[in-house]
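Visitor: build me a model:
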Amino acid sequence: MINEKIYLSKEYPDCYIEAFVPDTIDFYKKDALLIFPGGGYAWLSNHKEGEPIALDFCAKGIAAFVLHYSVGKESKFPTPLIQASLAMKYIKDNADKYNLNKDRVFAIGFSAGGHLCASLGSLWNMPEIYEKIHMPIGYNKPKGTLLIYPVITSNEKYAHMGSFYHLLGTETPDEDMLKKYSIEYCVGEHSSPSFLVHTASDTCVNVNNSLLMGQALNEYKIPFEMHIFPTGSHGSALGSEVTADFPDMNNFPLSLWPELARKWIKSIE
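Guide: Here you go, the predicted model:
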């Protein structure tokens, strides 16, 4: 396995990728997965939603790249989205090095990382990205996005406002600021197909975040698959003892999602 750290830009000294790439078998071109850990844009939950996710998918032959994107005061949008685009560009530019299929680079995000992932899937065409990165339009678009208990909406009934305060750089955002990065309003015919996972009992990020995303995707006839599990704590990651901070995070039904995700990835043409 290749395991290395790659810094993406001198402009973002705290931003880097950790690569976890399975050894090459003959001439098989691997699918790739760019991973965004959660943490409310205030910190990164790499210990649960970074390396363990990468190793789980790597063990099944999928190359995994964990993005350590800017958080806290440095996380104001579109900075993390530009960094996510730099990561996509790096993976595709180095497809031969890692023996990847450059046309099959997916992205997965957890909680606030799910917001970043959904942003990449629907806001990949923002002019601000191409002002910073020289690349063809759409080069940063993922083949598909996997959104695991994602932050999606700024709707006050369901929003995880802490994430929006960090990504907007203010605790007093106006309605236009909130709507700009409320991803259900950003979905269109240009959006990537999506795989969504949530639990109905999530008390941190309301399940309606995923339901609103699914409704938006359905409106534009973007293919998606959604799994809503009845119980499970926010931040359960793999749903197994590997990532369980607390006993209730070791949740067998929820732990089935990675295998469902891999089958979904293989189904995307």
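Visitor: any idea which element residue 157 lies in?
Guide: Assessed by DSSP states H and E, residue 157 sits outside every helix and strand.
Visitor: what do you get for residue 138?
Guide: According to DSSP H and E, residue 138 maps onto no helix or strand at all.
Visitor: OK, contacts around it?
Guide: Applying Cβ atoms under 8 Å, 6 or more residues apart in numbering to residue 138 gives the contacts 124-125. (C-beta placed from N, C-alpha, C; glycine too.)
Visitor: again, only this time at 10 Å
Guide: Neighbour list for residue 138: 124-125, 190 [criterion: Cβ atoms under 10 Å, 6 or more residues apart in numbering].
Visitor: do the same with residue 157
Guide: 206, 208 are the contacts of residue 157 under Cβ under 10 Å, 6+ apart.
Visitor: quick one, strands of the chain?
Guide: Ranges of strands within the chain are 2-7, 16-21, 30-36, 63-68, 100-110, 145-148, 194-199, 224-229, based on DSSP state E.
Visitor: just the angle for the third one relative to strand 100-110, thanks.
Guide: In terms of direction (axes from the mean of the first three to the mean of the last three Cα atoms, to 10 degrees), strand 30-36 departs from strand 100-110 by 30 degrees.
Visitor: again with the fourth one
Guide: Here strand 63-68 runs at 50 degrees with respect to strand 100-110, directions being taken by the same axes, to 10 degrees.
Visitor: mean confidence for strand 63-68?
Guide: Mean per-residue pLDDT for strand 63-68: 98.
Visitor: mind putting the contacts of residue 138 into a markdown table with neighbour count and pLDDT?
Guide: Shown next, in a markdown table, are the contacts of residue 138 (neighbours: other Cβ atoms under 10 Å; pLDDT from 0 to 100):
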| residue | neighbour count | pLDDT |
| --- | --- | --- |
| 124 | 23 | 98 |
| 125 | 13 | 98 |
| 190 | 15 | 98 |
